[in-house]
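> missing the sequence, but the structure's below:
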């Protein structure tokens, strides 16, 4: 059963609580009403694109950088020369095994494979839709009754379940924090502002009847 924590709050207080929980300012809300993403919101969401992109690059090149350094120190070569030697050895695996031994070659290959695997994993977490939404800077509004939902995921070891919270509006489902879950007046009509390609919610406000 969903707890209604807002029975005695006015719409201004509900809006204040939602703004605090969803981290949007009055200035950002004004921009959203005009169909624009605010600068604060751009900075808030750009990390969702930058973090996996940076991790992808780091995981892809870090093993090469490490083994290039080791090769350079072992052979007393400059960094560019050591990198060229490492790549040429990898291209001719028999020479690579001869230079590093079976265990050393296996260690190098394993680290490169793990690094590239992690790079692929993080690359799949990059959202092109969110990236283009942030470049475009536009926001759309949808109106309707918002229902707060709670889901429990049972842990395999039998410990306390993981709680997840969502707002449901028409065909949309938005993951939210527990603070946002408590802030909403469940089942009331809201204006929800979201980016049009990724459907990421950026703010919301109670619908005021005229």
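Done, it's in. Every value quoted in this text rests on a predicted model; they were computed, and no experiment measured them.
> following element in sequence after the helix or strand containing residue 144, please.
Secondary structure assignment for residue 144, by DSSP states H and E: strand 140-145. Downstream of strand 140-145, the next assigned helix or strand under DSSP H and E is strand 147-153.
> and the strand holding residue 144, what does it pack onto?
If you count contacts as 3 or more Cβ pairs under 8 Å, 6 or more residues apart in numbering; DSSP states H and E, strand 140-145 packs onto strand 162-169, strand 189-194. For the C-beta atoms, the positions are set from N, CA and C on the backbone; glycine is no exception.
> repeat the analysis, applying 10 Å as the threshold.
helix 26-33, strand 162-169, strand 189-194, strand 201-206 (3 or more Cβ pairs under 10 Å, 6 or more residues apart in numbering; DSSP states H and E).
> and whichever helix or strand residue 65 is part of, what's buried?
Assigned by DSSP H and E, residue 65 falls within helix 39-75. Within helix 39-75, the residues scored as buried using 16 or more other Cβ atoms under 10 Å are 41, 44-45, 48-49, 52, 55-56, 59-60, 63-64, 67-68, 71-72.
> now do stretch 111-125
Residues 112, 115, 118, 119, 122 are the ones in stretch 111-125 that count as buried (16+ other Cβ under 10 Å).
> taking those one by one, which sit in helices?
112, 115, 118, 119, 122 (DSSP state H).
> now do the closest residue to the first one other than its chain neighbours, the pLDDT please.
If the residues on either side of it in the chain are set aside, residue 112 comes closest to residue 63, at 4.8 Å by Cβ to Cβ, 6 or more residues apart in numbering. Per-residue pLDDT puts residue 63 at 88.
> hmm, residue 63 is touching residue 90, no?
No: in this structure, residue 63 is not within contact of residue 90 by Cβ atoms under 10 Å, at 11.3 Å.
> beta partners for residue 141?
Counting by DSSP bridges, residue 141 forms beta bridges with residue 193.
> in this structure, which residue is most central in space?
residue 48 (3.7 Å; Cα atoms, centre = their mean).
> domains for this protein, by residue range?
11-37+137-206, 49-123 (automatic domain parsing).
> check those for me: which has the lowest mean pLDDT.
Among the domains of the chain, domain 49-123 scores lowest, with a mean of 84.
> quick check, residue 184 in contact with residue 177.
No: the pair residue 184 / residue 177 is not scored as a contact, 11.3 Å apart, by Cβ under 10 Å.
> who's more crowded, the two?
residue 184 (25 against 12; other Cβ atoms under 10 Å).
> please report how far the residue nearest to that one when sequence neighbours are not counted lies from residue 182.
Closest residue to residue 184 apart from its sequence neighbours, by Cβ to Cβ, 6+ apart: residue 148 at 5.0 Å. Computed as Cβ to Cβ, to the nearest Å, the residue 148 to residue 182 distance reads 8 Å.
> with that, I have no additional questions.
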